[in-house]
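Chemist: just to be clear, the model below is a prediction. Sequence and coordinates:
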Amino acid sequence: MTALLKVENLEYYQKPTMSLFKKQSGFKLSKINFELNTGETLAILGENGSGKSLLGKLLVGAEKPTAGHIYLNDQKLSPYNLRQRCLNIRMIFQHSNESLNPGINIAKILEGPLILNTKLNASERLQKIEETLKLVGLLPDHMFFYRHMLSDGQRQRLALAKALILDPQVIVADEPFAALDPSVRSQTINLIMKLQKDLGLGFIFISHNLGIIRHISDRVLILQNGDLVEAGKTDVVFNWPKSKYTEKLVKSHQSLITPN
Amino acid sequence: MALLDIKNLTLEINGSTGWIKALDKVNLRIEEGEIRALVGESGSGKSLIVRAVVGAIPENWRLTADRLTWKGRDLLKISQSERRKIMRSEIAVIFQNPVASLDPSSTLGEQLIESIPGHILKGKWFWQRSKHKQQIAIKLLHKVGIKDHKKYLKAYPNQIADDIGQKFLIACALVSSPQLLIADDPTRGMEITTKIQILKLLSQLNKTRNLSILFVSHDLLAISSMANKMTVLYCGQTVEDGKMEQLRKRPLHPYTKALLDSAPSFRKDLPPKSPLSTLDGTIPTLQHLPIGCRLGPRCPRAQRECVKVPELRYVQDHFYSCHFPLIREKE
């Protein structure tokens, strides 16, 4: 079986801003290779500024890589064919609240990607929106709501609906749970795991919450300052960390769980 | 004697539909030298309690309490200036967003030096005093773990990282050597290594200076690693209150249990990818609070009696307010 998503030698180099007096070096994301199968979850872990969000952006096509290729089902994704990318790889942003337009209702928010990327007519679009809302556990009546009428958990569901509406094969989520309260967070995690099982989605998940990563992901990539430090199966990496940085992360997480 | 003693604190806000009880009979007690955690989700009124203690409540809100005392002095009855004096020298607060709560137009050094109270300065002449101020500032920065004092004393708030900002605010809070430090969500949005640094710093201060800490957060991981006692809030009601180990081992209130279960790290026996246990529904907004026990509509054990507010009951020093606590199953 071929991998759903395959990333080969992906590189990114950001040119430093020109300055006469200061010597500045640009940010560099060094070669990254990984594979993702259907129904698998890959977690990307790293500190702020380690390039994990950048990697997410490269995958969805919001940034163009300087070198390397991304293959989806053995088919090379061109950095310029954004429609193909949009249909197959979707992103959930960290702040679900800010990524929704406050001025239009939910039906319109969800209709946007359908108009831009598919050839469905109006009634088909409406049907699709209803289906997707039901899928994420909202009611079809929520179509007429606006952003401010929803609670945090519902907004997160809506963000998920926005990603799912084009029937993607891969979802990239950038810290989807960071802004949520514990009880709502568990609900969202359960929902994502259920959808993944039902639809066979590949899920790429960027976070720094080790507890959740350990629970939901099959494999992890650990980044530090744009370098790939370690990659492998979750339980292997967490139980027998190879690099110092991973060891430090796991140890500090352990020290929080077991009280002194 | 308790440092801070709050009993039946009720805060009412004038909404469009009449008075809304944002805090409903909250009890909180902080002894000398202990770390108490105040846990609750957003909208549970954690920050309101902090504001009530500090005295930053707008005039048109109604604040009533059977007891709101600081070392035996009633904070609601003393005059504004006296209260301010207490706040200045005995209680210190660290606010949620460190970088945003600093003045963007002056350097960190200026802000720290400004907050040094005059009476601890040595020297008769102004140059001696200003030199002493510099020394105190540098010493404080070293104490909270900022080594490069030259760089940071001259930096503006927009130039510093979040964790430095948080450490700096702790330094500012320590200037007047307070007895109580109220930390309002100090580890929010931090990654794990910096979080641990802050937590270590706080528990170290607690040990070396006998500083009491009120740690307000919803990050159970951080709390359980350092706090001695915990108070759980839900929608402005105290739900459970007791020693940390006791609460973690055997929560009596369904909400505390749900909260503990929602952190997958605590449960080693949990197989990966299995669904987590949750409470249904979401946190109600202030305008639509249910009557009686506010957890009622979401609670798996709710019965008819739950429309009445449960009284506070206790087993030894473990307080809970629930009609059907989890203890009954075991008996």
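Modeler: Perfect, thanks for sending it.
Chemist: immediately after the longest helix along chain A, which helix or strand?
Modeler: If you go by DSSP state H, chain A has its longest helix at helix A:182-199. For helix A:182-199, the following helix or strand on the C-terminal side (DSSP states H and E) is strand A:202-207.
Chemist: helices and strands around the lowest-mean-pLDDT helix or strand in chain B, which ones?
Modeler: Every helix and strand of chain B was ranked by mean pLDDT, DSSP states H and E. The lowest is strand B:313-315, at a mean of 79. Packing partners of strand B:313-315 (3 or more CB pairs under 8 Å, 6 or more residues apart in numbering or on different chains; DSSP states H and E): strand B:318-320. C-betas here are computed from N, CA, C, even on glycine.
Chemist: each with direction, which strands does the strand it packs on pair with?
Modeler: strand B:237-243 (antiparallel), strand B:313-315 (antiparallel) (DSSP bridges).
Chemist: next, the buried residues of it.
Modeler: Judged by neighbour count (16 or more other CB atoms under 10 Å in any protein chain shown), strand B:318-320 contains these buried residues: B:H318, B:F319, B:Y320.
Chemist: chain neighbours aside, what residue packs nearest to the second one?
Modeler: By that I understand B:F319. Leaving aside its sequence neighbours, B:F319 sits nearest to B:D241 (CB to CB, 6 or more residues apart in numbering or on different chains; 4.2 Å).
Chemist: beta partners for that neighbour?
Modeler: Under the criterion DSSP bridges, B:D241 forms beta bridges with B:T231, B:F319.
Chemist: residue contacts, it?
Modeler: By CB atoms under 8 Å, 6 or more residues apart in numbering or on different chains, the contact set of B:D241 is B:N27, B:L28, B:K229, B:M230, B:T231, B:V232, B:H318, B:F319, B:Y320.
Chemist: so, low pLDDT: which residues of the stretch 51-200 of chain B?
Modeler: When residues are selected by pLDDT under 70, those of the stretch 51-200 of chain B lie in B:189.
Chemist: near chain A, which residues of it?
Modeler: Listed as neighbours of chain A in the stretch 51-200 of chain B under the rule CB under 8 Å from any CB of the partner chain: B:G189, B:E191, B:I192, B:T193, B:I196, B:L199.
Chemist: in the particular helix or strand that has the fourth one in it, what counts as buried?
Modeler: Counting by DSSP H and E, the element that carries B:T193 is helix B:192-209. Buried residues in helix B:192-209, defined by neighbour count with 16+ other CB under 10 Å: B:192-199, B:201-203, B:205-206.
Chemist: adding distance to B:E34, write these out as TSV.
Modeler: Output for the buried residues of helix B:192-209, formatted as TSV (distance: CB to CB, whole Å):
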residue	distance to B:E34
B:I192	25
B:T193	27
B:T194	25
B:K195	21
B:I196	21
B:Q197	22
B:I198	19
B:L199	16
B:L201	17
B:L202	13
B:S203	11
B:L205	13
B:N206	8
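Chemist: out of the strands paired with strand B:318-320, which gets nearest to A:K108?
Modeler: With CB to CB as the criterion, A:K108 lies closest to strand B:237-243 of the strands paired with strand B:318-320, at 39.0 Å.
Chemist: got the residues of the stretch 1-150 of chain A near chain B?
Modeler: Counting by CB under 8 Å from any CB, the stretch 1-150 of chain A comes close to chain B at A:E47, A:N48.
Chemist: point out where the stretch 1-150 of chain A drops to low pLDDT.
Modeler: Where the stretch 1-150 of chain A drops to pLDDT under 70, the residues are A:1, A:16-26.
Chemist: name the nearest residue to residue 230, sequence neighbours excluded.
Modeler: Let's take chain A. When the adjacent residues along the chain are set aside, A:E230 lies closest to A:I222, with 4.5 Å between them (CB to CB, 6+ apart).
Chemist: other chain: chain B
Modeler: B:A37 (4.5 Å).
Chemist: so which bits of stretch B:167-175 are buried?
Modeler: Those would be B:K167, B:F168, B:L169, B:I170, B:A171, B:C172, B:A173, B:L174, B:V175, for stretch B:167-175 by 16+ other CB under 10 Å.
Chemist: outside of it, which residues touch it?
Modeler: Applying CB under 8 Å, 6+ apart, the external contacts of stretch B:167-175 come out as B:92-95, B:98, B:101-102, B:108, B:111-112, B:115-117, B:136, B:140-141, B:143-146, B:152, B:160, B:181, B:186, B:197-198, B:201-202, B:205.
Chemist: wait, A:P140 touches A:L133, no?
Modeler: Yes - counting by CB atoms under 8 Å, A:P140 does reach A:L133; the two are 5.6 Å apart.
Chemist: and these two? Which one has more around it.
Modeler: A:L133 (23 against 15; other CB atoms under 10 Å in any protein chain shown).
Chemist: can you give me the angle the helix or strand that contains that one makes with helix A:182-199?
Modeler: Per DSSP H and E, A:L133 falls inside helix A:122-135. Relative orientation of helix A:122-135 versus helix A:182-199 (axes from the mean of the first three to the mean of the last three CA atoms, to 10 degrees): 120 degrees.
Chemist: between the helix or strand that helix A:122-135 is followed by and helix A:122-135, how many degrees?
Modeler: Per DSSP H and E, helix A:122-135 leads on to helix A:152-164 as the next helix or strand towards the C-terminus. Counting by the same axes, to 10 degrees, helix A:152-164 points 130 degrees away from the direction of helix A:122-135.
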